[in-house]
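Asks: Sequence and predicted structure are below.
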Amino acid sequence: MKKAFENIEKVAKTDVSVLILRENETGKELVARAIHNNSLRKDEAFVS
């Protein structure tokens with residue numbers, strides 16, 4: 001989990017597209033929201 005949080009923090013600071021690959025029901029949307037909420041675009045709409 002620590003590595004996942006480090007990666008979320010790292011990519012949230014950039015302006016790149018991120019592809020999150022995992023099995024169904026593993027929290028991909030939670031990761032996407034965490035990236036969005038920590039990014040420069042946090043005031044814009046999050047589209048799931």
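Replies: Ah, there it is.
Asks: What residues does the nearest residue to residue 22 once chain neighbours are set aside make contact with?
Replies: Leaving out its chain neighbours, the residue that sits closest to residue 22 by C-beta to C-beta, 6 or more residues apart in numbering is residue 28, at 5.4 Å. Every residue, glycine included, has its C-beta placed from N, CA and C. Counting by C-beta atoms under 8 Å, 6 or more residues apart in numbering, residue 28 touches 20, 21, 22.
Asks: Narrow the residues you listed to those that are buried.
Replies: Buried subset of these (neighbour count, 16 or more other C-beta atoms under 10 Å): empty, as none qualifies.
Asks: Columns pLDDT on top of the residues you listed, output as CSV?
Replies: Formatted as CSV, those follow (pLDDT from 0 to 100):
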residue, pLDDT
20, 94
21, 94
22, 92
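Asks: Tell me where the model's unsure across the protein.
Replies: Scanning the chain for pLDDT under 70 picks out nothing.
Asks: so where do the helices sit in it?
Replies: 2-12, 28-37 (DSSP state H).
Asks: winner for burial among these?
Replies: helix 28-37 (a mean of 15; mean count of other C-beta atoms under 10 Å).
Asks: Now do that helix against helix 2-12, angle only.
Replies: Relative orientation of helix 28-37 and helix 2-12, computed by axes from the mean of the first three to the mean of the last three C-alpha atoms, to 10 degrees: 50 degrees.
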